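Novice: sharing a model that was predicted from the sequence below.
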Amino acid sequence: MFDKLIRGAAVVDGTGAPAYRADVGIRGNRIAIIGDLGEAEAGETLDASGLHVCPGFIDMHTHSDLSLMEDGRGQSKVRQGITTELVGHCGFSPFPLVKRGSELFRPGTYSARISQVDWTDLAGYAARINRQGTSVNVAPLVGHAAIRSAVMGVEDRPPAPAELDEMCALVAQAMEQGAFGLSSGLTLVPSSYADTDEVVALAQVAGRYGGFYDTHARLWDGWHFKGAEEAIEIGRRAGLPTQYAHIAIIDPRQQGKAAEMASIFERANAAGVDASFDVYPYVAAGTSLSQMLPGWVQEGGNKAMVARLRDAATRRRLLGELNEGWFRGIPWDWKTFYIASPGDKGDPAWMGKHLAQLADEWRLPGKEALLRVIDISEDGARSTIFNRTEEDMQVFLKHRLSTIGSDGNAISADGSQSKALVHPRFYGAHARVLGRYVRELNVLTLEQAVHKVTLQATQRLGLRDRGRLAPGYIADLVILDAATVADRATFERPHQYAAGIPHVMENGQWVVRNGEHTGALPTGVIRR
């Protein structure tokens, strides 16, 4: 007797092995038996003939830290089969909020509206989410930027020895409370103020607890390959696995060299360093526009940056440093920068326009239009930037060391972001891999793609009871139609749920049934 019985599906077990026909029996929140279950009885039976059943998918790079607190349904993700979100990326985690931590923390950064912040550490953050419940597991990293700003504020200087000790203690606290590892954002303030030695010292702490290091690496002029090498060096010196986040080549002078970049990771593994990367299947990124500004402008946090932009002399200095069409040594075309959201203080009329259009409307050079958007929106505006190639992305996607990370947030089409032109990766990254790159283009087989988003990902996370269809594993399951699974979200109309995934189970409970969210919130924060 089973609580739930799935009959007649093609089982893609997550290991990469060929699919096979079987029944899946579930008791409580775990898989009990997989095989020919004949006349077995169950409280609920689902005929999955003609469909595939897979382990729940893992999104290896998200910023759903607060969006899942705002709306635990996380429909943009769970409706494409994602049952675990790795959060706390690019150095930004919503904890620790101690001492000067609030100088960095802004709920708007996470595409969420949180009225009450009632936590200071991972334990408090987890308790808040767990009280509310979610439809996807939340697996947290602790962010270097959050750690640094808590102790030092947003200051461009090395830490004093006592400050570094305090930062290490905060990493240890987060790891003791269940963080999966340490993340950094070395292109982004304030992580970008750190040298390699500082990050190594903190990563060593995470490594002692069995965690891994996840990095948004340095990417500016001359750093596309050096940034990968620095990431691997940090992992080697700190003695822990390294995950390179949302791998891409955004410098047009280096595009076409994806295989060369991937070979850096191959050589590292051959030398005994555990290093891998994740990728999302799009040719556009999404970010705040202030990322394009020099570090000195951003020092002190958001309010200090906006004040500098509004000081005439400082603005003149900044404009003198900004070379029209170039940022930090990389050529940029303002026609590739689209305003996805104006933020709370920007003009909704900006949305969907690229910076070259706004510059023409305002009769300003592109770099002045950039500053005007940041100034008026107080850096609340978000941009979609077309800055990578399909060819490079496919090289990374099919590489044996890659997993899939959307860099998108778990939201709902009827939620607080429903008017924003969010990146379609929020709604479609994993479904796009299965539809476009498996079925249509044959870049991967179905079994290879499922392996990347299940067992390969959980092995990086150290989760021993998820990511595979086998007896004893937690019943996080996806039932999909391989003939119709597809992303439907576009840059113009992003708030469209994926197709071809009629059923999703989390912890033994249906969270999507017959293509609709059931309202179930059976999970929350999981710990390393």
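Specialist: That came in fine, so what should we check first?
Novice: for residue 103, give me the pLDDT.
Specialist: Per-residue confidence (pLDDT) for residue 103: 84.
Novice: and residue 34, that one's in a helix?
Specialist: No: the assignment for residue 34, made by DSSP: H, G, I helix; E, B strand; the rest coil, is strand rather than a helix.
Novice: show me what contacts it?
Specialist: Taking CB atoms under 8 Å, 6 or more residues apart in numbering, we find residue 34 in contact with 11, 13, 22-25, 469-471. In this view, the C-beta of every residue, glycine as well, is placed from N, C-alpha and C.
Novice: what distance do you get for it to residue 26?
Specialist: Separation of residue 34 from residue 26 (CB to CB, to the nearest Å): 10 Å.
Novice: how about residue 331, phi and psi?
Specialist: Dihedral angles of residue 331 (phi, psi; degrees, to the nearest 10) stand at phi -70, psi 140.
Novice: who are the packing partners of whichever strand or helix holds residue 54?
Specialist: Remark: residue 54 resides in strand 52-55, with elements defined by DSSP states H and E. Secondary structure elements in contact with strand 52-55, counted by 3 or more CB pairs under 8 Å, 6 or more residues apart in numbering; DSSP states H and E, are strand 2-11, helix 446-453, strand 477-480.
Novice: okay if I get the ones you listed as a markdown table plus mean neighbour count and distance to residue 285?
Specialist: Listed next are the helices and strands packed on strand 52-55 as a markdown table, based on neighbours: other CB atoms under 10 Å; distance: least, CB to CB, whole Å:
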| stretch | mean neighbour count | distance to residue 285 |
| --- | --- | --- |
| strand 2-11 | 21 | 35 |
| helix 446-453 | 23 | 20 |
| strand 477-480 | 27 | 27 |
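Novice: let me know which of these is the nearest to residue 298.
Specialist: Nearest to residue 298, of all the helices and strands packed on strand 52-55, is helix 446-453, at 34.6 Å by CB to CB.
Novice: and the angle for the closest one with strand 2-11?
Specialist: If you take axes from the mean of the first three to the mean of the last three CA atoms, to 10 degrees, helix 446-453 sits at 130 degrees to strand 2-11.
Novice: CA atoms of helix 446-453 as CSV?
Specialist: Taking C-alpha atoms only, helix 446-453 is exported to CSV below (Å, rounded to 0.1, in the frame of the first residue of the first chain):
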residue,chain,number,x,y,z
LEU,A,446,17.1,14.2,-22.3
GLU,A,447,19.1,12.0,-19.9
GLN,A,448,22.2,14.3,-20.0
ALA,A,449,20.1,17.4,-19.4
VAL,A,450,18.2,15.8,-16.5
HIS,A,451,21.5,14.7,-15.0
LYS,A,452,22.8,18.2,-15.1
VAL,A,453,19.8,19.6,-13.2
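Novice: so which residues make contact with the next helix or strand after it?
Specialist: Next helix or strand after helix 446-453 toward the C-terminus (DSSP H and E): helix 455-461. With contacts defined as CB under 8 Å, 6+ apart, helix 455-461 is touched by 14-16, 55, 58, 60, 84, 86, 139, 180, 212, 241, 243, 276, 403-404, 464, 466-468, 528.
Novice: in helix 455-461, which residues are buried?
Specialist: Across helix 455-461, burial judged by 16 or more other CB atoms under 10 Å covers 455-458, 460-461.
Novice: then stretch 514-528?
Specialist: Those would be 517-518, 520-526, 528, for stretch 514-528 by 16+ other CB under 10 Å.
Novice: residues near residue 178, how many?
Specialist: The local packing of residue 178 (other CB atoms under 10 Å) involves 17 other residues.
Novice: which element is it on?
Specialist: Residue 178 belongs to no helix or strand when assigned by DSSP H and E.
Novice: low-confidence stretches in the stretch 251-400 of the chain?
Specialist: Residue ranges of the stretch 251-400 of the chain with pLDDT under 70: 325-326.
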